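Colleague: here's my sequence, what's the structure:
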Amino acid sequence: MTDTTPALPTEIQVAELLAIAVTVAREAADTARSMRAEGVSGVTTKSTDTDVVTAADRAVERQVIAALGAKRPDDTVLGEEYGGSGGEDAAVRWVVDPIDGTVNYLYGLPQYAVSLAAEVNGVAVAAVVRNAATGEEWTATRGGGAYRGGRRLSASVQTDLAQALVATGFGYDAKRRAHQAEVLTRVITRVRDIRRFGAASLDLCLAAEGGVDAYYEKGLNPWDHAAGGLIATEAGLVVGGLDGRPAGPDMLVAAPPAIFGPLTELLAELDAAGGP
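Modeller: Take a look at the predicted model:
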């Protein structure tokens, strides 16, 4: 039987993709930070009145698209603000969130990031998340581990859900938030405590380095977790959805192997993936 499974890139090719991602993300983060220092402008809303987008979100994404186009003109880019660009048959797709944590950015809270991942045949193979406010940077390659500042990351080895510190986030639609709040009031009695920082990519990186034990959220888009999900996976977390499904818009859970099952079972019991 002929193996028709698409080949993934070599280690050298992945390293080249990561090097490009890091360069582009650092330049984009510099732009986001400098535009924040000049004052936030061009603030509008998207899905709801609380779902904000700024001129910097759009400018940073345009910069990333242009930089990737100059370095790899045959690739495609999927971004939060402008959607997809490039041909459909490209071997590599870049997934970018130009400013993850725009509300934090709007208020000057130092929890906003540039998130950039390279996917080959639909699989993330290289990723970088850079906190634009602080310069903290996390990277990963598929099969090559996750790192922060040259230090290889190892996620939490927590085995007891009741002792787990769990991060989460909320959507912008009021009805969805109400459902998520109902779920949260039940989850918080079954874990050590809850944290909410406001940027999915940074939540995943925090989990990857053991700053929290686990993370879950409903309503994430590919650009929210493409990079952070690879970093979390390479640090030793299980990243997936409920009932054996992959991570997706209905639910993403990142947790140590010993508590992934109990946490996903709890979330399924509470219908965390349901509601609006």
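Colleague: that's a helix at A21, yeah?
Modeller: Yes. Counting by DSSP: H, G, I helix; E, B strand; the rest coil, A21 falls inside a helix.
Colleague: what sits against it?
Modeller: W94, L116, A117, A118, A126, A127, V128, T139 (C-beta atoms under 8 Å, 6 or more residues apart in numbering). Quick note: C-beta positions are derived from backbone N, CA and C, even for glycine.
Colleague: report the separation between the third one and D97.
Modeller: Summarising the geometry, the distance separating A117 from D97, computed by C-beta to C-beta, to the nearest Å, is 9 Å.
Colleague: which neighbours do the two have in common?
Modeller: A227.
Colleague: about what we covered before: among the contacts of A21, which one has the most neighbours?
Modeller: A127 (34 neighbours; other C-beta atoms under 10 Å).
Colleague: before we move on, the earlier item: of all the contacts of A21, which comes closest to T44?
Modeller: L116 (23.6 Å; C-beta to C-beta).
Colleague: show me how far the helix or strand where the closest one lies is from its chain's centre.
Modeller: Here L116, judged by DSSP states H and E, is contained in strand 113-120. Computed by C-alpha atoms, centre = their mean, to the nearest Å, the separation of strand 113-120 from the middle of its chain amounts to 8 Å.
Colleague: so what strands line up beside it?
Modeller: Neighbouring strands of strand 113-120 in its sheet, by DSSP bridges, are strand 92-100 (antiparallel), strand 123-131 (antiparallel).
Colleague: count the neighbours of the residue nearest to R245 when sequence neighbours are not counted for me.
Modeller: Computed as C-beta to C-beta, 6 or more residues apart in numbering, the closest residue to R245 that is not its neighbour in sequence is M251, at 7.9 Å. Applying other C-beta under 10 Å, we find 22 residues neighbouring M251.
Colleague: pretty sure M251 is touching V239, no?
Modeller: No. Counting by C-beta atoms under 8 Å, M251 does not reach V239; the two are 11.1 Å apart.
Colleague: can you list phi and psi of V52 for me?
Modeller: phi -90, psi 150 (degrees, to the nearest 10).
Colleague: all further residue positions should be reported with the first residue as 259.
Modeller: Sure thing, new numbering starts at 259, so read that last one as V310.
Colleague: I'd assumed Y365 was in contact with it.
Modeller: No. Applying C-beta under 8 Å, one finds V310 not in contact with Y365, separated by 10.1 Å.
Colleague: between the two, which has more neighbouring residues?
Modeller: Just comparing V310 and Y365: by other C-beta under 10 Å the higher neighbour count belongs to V310, 17 against 12.
Colleague: who does the more buried one bridge with?
Modeller: Beta-bridge partners, per DSSP bridges, of V310: T303.
Colleague: which residues in the stretch 309-458 of the chain form helices?
Modeller: Ranges of helices within the stretch 309-458 of the chain are 313-329, 360-365, 432-445, 458-466, based on DSSP state H, counting those that start in this stretch.
Colleague: now do the longest one: which elements does it pack against?
Modeller: For helix 313-329, the packing partners by 3 or more C-beta pairs under 8 Å, 6 or more residues apart in numbering; DSSP states H and E come out as helix 269-296, strand 334-337, strand 350-358, strand 371-378.
Colleague: average model confidence for stretch 489-508?
Modeller: Across stretch 489-508, the average pLDDT comes to 97.
Colleague: low-confidence regions, the stretch 309-458 of the chain specifically.
Modeller: 343-346 (pLDDT under 70).
Colleague: stretch 484-491: which residues count as buried?
Modeller: By neighbour count on 16 or more other C-beta atoms under 10 Å, the buried set for stretch 484-491 is A484, A485, G486, G487, L488, I489, A490, T491.
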